[in-house]
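Asker: Dropping the sequence and predicted coords here.
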Amino acid sequence: MPPAPFTPLGEHIPRRARVLMIQGTSADVGKSLVVAGLCRAFTRRGLTVRPFKAQNMSNNAAVTVDADAPPGADGTPARGEIGRAQALQALACGAPRSVHMNPVLLKPQSDRDSQVVLRGRVLGTWSAAGYQTMKPELLPAVVDSLHRLAAQADLVLVEGAGCGAERYLRAQDITNMGLAEAADLPVVLLGEDARGGISASVIGAHHLWTPCERGRVVGYLVNRFRGDPAVFAPAIQDMTAATGWPHLGTLGWFDGAARLAQEDSLALEGAHSRDGRGLRIAVPRLPRVANFDDLDPLAAEPNVEVRWIPPGQPLPRDSDVILLPGSKATRADLEALYREGWHHDIHAHVRHGGHVVGLCAGYQMLGRVVRDPDGVEGPPGETPGLGLLEMETTLTGDKRLQDLDLRERRSGASLTGYEMHMGRTTGAALQRPWLLLEGPDGPRPEGAESRDGRVMGGYVHGLFAGDGFRAHWLRQLGARPSGLDHGRRVEDTLDALAERMETELDLDRLWSLARPLG
């Protein structure tokens, strides 16, 4: 299947932005956070800044205000999706989310297959090998999206993906040096020191790149530094002497990173809450978990404990709530839940008076069956659900993407969540909706709830980010809300990150190294 068509940028649109690319010595060196911090720092200086990442692999996504797709049958503008990191970076810039910030989004459905989304339009599912052959066809759309952002900004900060020096990926690359050459971008190399090995990784990248690629690198940054700068000084001397690249600054460890939405489920490895006091929420860590930042506002509550339970461990018996999060592969994760025996834990939890909440795919799992007749998520077939709600779900190829700015009638709280799912759910349980959403078109029911009110779920993401709704829900379960302003907490953290950028980096020099996009 060929890539979806896109509308080229007209030559009449001015291109005025400077552009600077941040590539990494490996994955998880902090590229996304550094770019977010730079976005906020340069925005605070009065510049119009936009983030860009050509290709992102993530099941944590956010709905955009645009898409390269026709309007719906009712004339509603099409919506797209981008990776959570670019959504956070857009927030740091004070800019609306756009598909052009992350034109290619890969959403893994298995270890070898991913759904490919081009500028908000689902192209289909490809194997890793098949996608490699397809990537060069996407490069024109990627470069076009970069130019579109440059036409509306003073500065575009481009984030690479993974390790920029991986030679085996270079021939088909569209997000690291392949993009840098196609768009003539200056590159800053970012490494991290927290786990050691930064000298080897920076010098190794220099060795792996060709002379032309090395010439694009205008310097390197050290991230997550802990220690004595005087002891580390010889390492900087070694890296500069071996590469000829200038050292552009060292960023210390930023504790506030945990208060910002994470994109990679690897962040859940150490996810655990406080001390077991307060409301205890257990979350089975499913293989294809998606949009797990839904739980961040709950985890931030001082009287709530959120525990991510890894495979091989039972769901704790002392849990007050078991929460099933979103998933990119509902049937596969439902089958994984059965393999772990977690279904027994969930049913026992309900029998003993506990609560169960399902969000999006987790909501679908609460019903009697999840059907996939057309093989939307994998081989066609069906998987029995948990049977906790009288409903059934059929997966379809149409994806619902919708931003929500509504009021939840029962709580009286404002909600600014979103929907992002494939599938249609029907059944008697929907006659007992979990939520009553009210907007310009009047009220509409959402989700379902059991007769005793202990099992509930729905398709809306971002529910718990609404301070009013979160407080209402916690009080219903007998917990004490703290009055936390989640949005303010995120904004304050981005400001603190920007202040670190101002203090520890020479932003004037970084601005001078950025070049106008040709």
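Answerer: That came through, no problem.

Asker: Would you verify that residue 357 is located in a helix?
Answerer: No - using DSSP: H, G, I helix; E, B strand; the rest coil, the assignment for residue 357 is strand, not a helix.

Asker: List the contacts of it.
Answerer: 321, 322, 323, 324, 456, 457 (C-beta atoms under 8 Å, 6 or more residues apart in numbering). Using the backbone N, CA and C atoms, a C-beta is placed for each residue, glycine as well.

Asker: Which residues does the helix or strand hosting the fifth one contact?
Answerer: The reference is to residue 456. For residue 456, the host element (DSSP states H and E) is strand 455-458. Strand 455-458 has contacts (C-beta under 8 Å, 6+ apart) with 324, 350, 355-359, 362-363, 366, 388-389, 433-435, 446-450.

Asker: redo that, cut-off 7 Å
Answerer: 350, 356-359, 362-363, 366, 388-389, 434-435, 446-449 (C-beta atoms under 7 Å, 6 or more residues apart in numbering).

Asker: Residue 107 pairs with what?
Answerer: Under DSSP bridges, the beta-bridge partners of residue 107 are residue 115.

Asker: these two touch, right, it and residue 55?
Answerer: No - with contact defined as C-beta atoms under 7 Å, residue 107 and residue 55 do not form a contacting pair (11.9 Å).

Asker: Tell me which stretches of the stretch 151-300 of the chain form helices.
Answerer: Taking DSSP state H, counting those that start in this stretch as the criterion, the stretch 151-300 of the chain carries its helices at 177-183, 198-208, 211-216, 229-243, 296-300.

Asker: now the stretch 51-200 of the chain, which segments are flagged as low pLDDT?
Answerer: Residue ranges of the stretch 51-200 of the chain with pLDDT under 70: 70-76.

Asker: picking up where we left off before, looking at the contacts of residue 357, state which has the most neighbours.
Answerer: In terms of neighbours by other C-beta atoms under 10 Å, those top out with residue 457 at 30 neighbours.

Asker: Tell me how far that one lies from residue 173.
Answerer: Going from residue 457 to residue 173 by C-beta to C-beta, to the nearest Å gives 41 Å.

Asker: ok, now residue 310?
Answerer: Going from residue 310 to residue 173 by C-beta to C-beta gives 34 Å.

Asker: between those two, who's got more neighbours?
Answerer: residue 173 (24 against 11).

Asker: Leaving out sequence neighbours, find the closest residue to that one.
Answerer: In this structure, residue 173 finds its nearest non-sequential neighbour in residue 179, 7.2 Å apart by C-beta to C-beta, 6 or more residues apart in numbering.

Asker: and that neighbour, what does it touch?
Answerer: Residues in contact with residue 179 (C-beta under 7 Å, 6+ apart) are 54, 142, 185.

Asker: residue closest to the middle of the chain?
Answerer: Nearest to the mean C-alpha position of the chain, by C-alpha atoms, centre = their mean, lies residue 84 at 2.5 Å.

Asker: my guess is it contacts residue 57, does it?
Answerer: No - the criterion here is C-beta under 7 Å, and residue 84 misses it with residue 57 at 11.7 Å.

Asker: what ranges of the stretch 201-350 of the chain fall below the confidence cut-off?
Answerer: Across the stretch 201-350 of the chain, the ranges flagged by pLDDT under 70 are 263-277.

Asker: give me that answer again for 90
Answerer: Low-confidence segments of the stretch 201-350 of the chain, defined by pLDDT under 90: 227, 256-259, 261-278.

Asker: For the residue nearest to the centre of the chain, give its distance to residue 176.
Answerer: According to C-beta to C-beta, residue 84 stands 20 Å off from residue 176.

Asker: same thing with residue 511?
Answerer: In terms of C-beta to C-beta, residue 511 sits 22 Å off from residue 176.

Asker: Which residue of the two possesses the greater neighbour count?
Answerer: residue 176 (25 against 15).

Asker: ok, the closest residue to that one other than its chain neighbours - contacts?
Answerer: Distances taken as C-beta to C-beta, 6+ apart put residue 164 closest to residue 176, at 4.0 Å, once the chain neighbours are dropped. The neighbours of residue 164, taking C-beta under 7 Å, 6+ apart as the test, are 23, 24, 176, 177, 205.

Asker: thinking again about what came up before, a markdown table please, covering the contacts of residue 357 and showing distance to residue 96.
Answerer: Formatted as a markdown table, those follow (distance: C-beta to C-beta, whole Å):
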| residue | distance to residue 96 |
| --- | --- |
| 321 | 34 |
| 322 | 36 |
| 323 | 30 |
| 324 | 31 |
| 456 | 32 |
| 457 | 29 |
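
Asker: of these, closest to residue 315?
Answerer: Within the contacts of residue 357, the smallest distance to residue 315 is 5.9 Å, found for residue 322 (C-beta to C-beta).

Asker: which residues sit against the helix or strand containing that closest one?
Answerer: Secondary structure from DSSP H and E places residue 322 in strand 321-324. Identification of contacts with strand 321-324 by C-beta under 7 Å, 6+ apart yields 279, 281-284, 295, 315, 346, 349, 354-359, 362, 365, 477.

Asker: hang on, residue 253 packs against residue 226?
Answerer: Yes - judged on C-beta under 7 Å, residue 253 makes contact with residue 226 at a distance of 5.2 Å.

Asker: Who has more neighbours out of those two?
Answerer: Neighbours per residue, other C-beta under 10 Å: of residue 253 and residue 226, the larger number sits with residue 253, 15 against 9.

Asker: residues of stretch 450-466 that come out buried?
Answerer: By neighbour count with 16 or more other C-beta atoms under 10 Å, stretch 450-466 contains the buried residues 450, 454-466.

Asker: could I have that stretch exported to PDB, CA atoms only?
Answerer: C-alpha atoms of stretch 450-466 as PDB (Å, rounded to 0.1, in the frame of the first residue of the first chain):
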ATOM      1  CA  SER A 450     -22.200  -2.000  36.600                       C
ATOM      2  CA  ARG A 451     -25.500  -2.100  38.600                       C
ATOM      3  CA  ASP A 452     -23.600  -1.900  41.900                       C
ATOM      4  CA  GLY A 453     -21.400   1.000  40.600                       C
ATOM      5  CA  ARG A 454     -18.200  -0.900  41.300                       C
ATOM      6  CA  VAL A 455     -17.100  -1.600  37.700                       C
ATOM      7  CA  MET A 456     -16.900   1.400  35.300                       C
ATOM      8  CA  GLY A 457     -15.200   2.400  32.200                       C
ATOM      9  CA  GLY A 458     -15.300   4.500  29.100                       C
ATOM     10  CA  TYR A 459     -13.400   5.800  26.000                       C
ATOM     11  CA  VAL A 460     -12.300   9.200  27.300                       C
ATOM     12  CA  HIS A 461      -8.600   9.800  27.900                       C
ATOM     13  CA  GLY A 462      -7.400  12.600  30.200                       C
ATOM     14  CA  LEU A 463     -10.300  12.300  32.700                       C
ATOM     15  CA  PHE A 464      -8.100  12.400  35.800                       C
ATOM     16  CA  ALA A 465      -6.200  15.500  34.500                       C
ATOM     17  CA  GLY A 466      -9.300  17.400  35.300                       C
END
